[in-house]
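Peer 1: pasting the structure only:
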């Protein structure tokens, strides 16, 4: 993670790995299912110019150990909050990508005083892509094809065909356009995960729709226009139910934080900047 310091903390039975760095008011970044802190590698240098960043590996992902037991997404949110509290970085705005969007929603519901604003980037939790998407994610979580791609990620970086095979099916609008650093950031941690299935089961069991109206902080919904994993209909529903602002980024899919980091940075900056008189 360029410009950030790797740290570890023991938090309620989990050894959490996280990264800290940058200057300015705090901002938390929470990755998605099967991801890791390294997923943010393209966006971190942009955000770190204006924010003190905290970027954790969720339990069971990357170099964070697994939860002792999984019963919903609250334990994931609790560990993120306790690490941020340990670093003195609360209250803060929080960005969540995919599964991370659900985690940060849970964080805002459980600790509303600590969450100043939410940015939901391709957030899971509503349709999870519909029945087909749920079945696909179940297969992917069980088979873990990312492990194989991670072992040969150097080849993936160099081969347009392999990039399309690995990233083009449901994740990225233009796999060839990903930088080598983004490819590394999305694949490297696949070899480290210890409990992705537990997070998937927690996501499947968690339905936020009955609680969305309880969120009272400002919310930005940030979505890739060509996201085929989590459709734009989900973005519209989140926007309506959360009384949120919506920013749709053209030319990218579900991995928008690595596909269009410049546009994501601009959207986050515009959303968090105080209005001028």
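Peer 2: Structure received. Computed from a predicted model, the values in this text were never measured in an experiment. Numbering: from 1, shown residues only.
Peer 1: in the stretch 1-150 of the chain, which spans are helices?
Peer 2: If DSSP state H, counting those that start in this stretch is used as the criterion, the helices of the stretch 1-150 of the chain fall at 44-47, 74-86, 99-110, 130-143, 145-151.
Peer 1: ranking those helices by mean pLDDT, which is last?
Peer 2: Comparing the helices of the stretch 1-150 of the chain by mean pLDDT, the weakest confidence falls on helix 130-143, with a mean of 42.
Peer 1: tell me the contacts of residue 181?
Peer 2: Shown here is residue 181, whose contacts under the criterion Cβ atoms under 8 Å, 6 or more residues apart in numbering are 41, 42. C-beta here means a position set from N, CA and C on the backbone, and glycine is covered the same way.
Peer 1: can you count the residues close to residue 20?
Peer 2: Burial of residue 20 is recorded as 19 neighbouring residues (other Cβ atoms under 10 Å).
Peer 1: show the pLDDT at it.
Peer 2: In this model, residue 20 is scored at 98, pLDDT.
Peer 1: list the contacts for it?
Peer 2: Residue 20 makes contact with 4, 5, 7, 52, 53, 54, 55, 87, 89, according to Cβ under 8 Å, 6+ apart.
Peer 1: pull the number of nearby residues for the last one.
Peer 2: Here the count is done by other Cβ under 10 Å, and residue 89 has 19 residues near it.
Peer 1: return the distance of the closest residue to it other than its chain neighbours relative to residue 34.
Peer 2: Across the structure, with Cβ to Cβ, 6 or more residues apart in numbering as the measure, the residue nearest residue 89 apart from its sequence neighbours is residue 26 (4.0 Å). When distance is defined by Cβ to Cβ, to the nearest Å, residue 26 is 26 Å away from residue 34.
Peer 1: so which of these two has more stuff around it?
Peer 2: Between residue 26 and residue 34, counted using other Cβ under 10 Å, residue 34 has the larger neighbour count: 25 against 20.
Peer 1: and for the closest residue to the more buried one other than its chain neighbours, the neighbour number?
Peer 2: Closest residue to residue 34 in three dimensions, ignoring its sequence neighbours and counting by Cβ to Cβ, 6+ apart: residue 196, at 5.1 Å. Residue neighbour count, defined by other Cβ under 10 Å, stands at 22 for residue 196.
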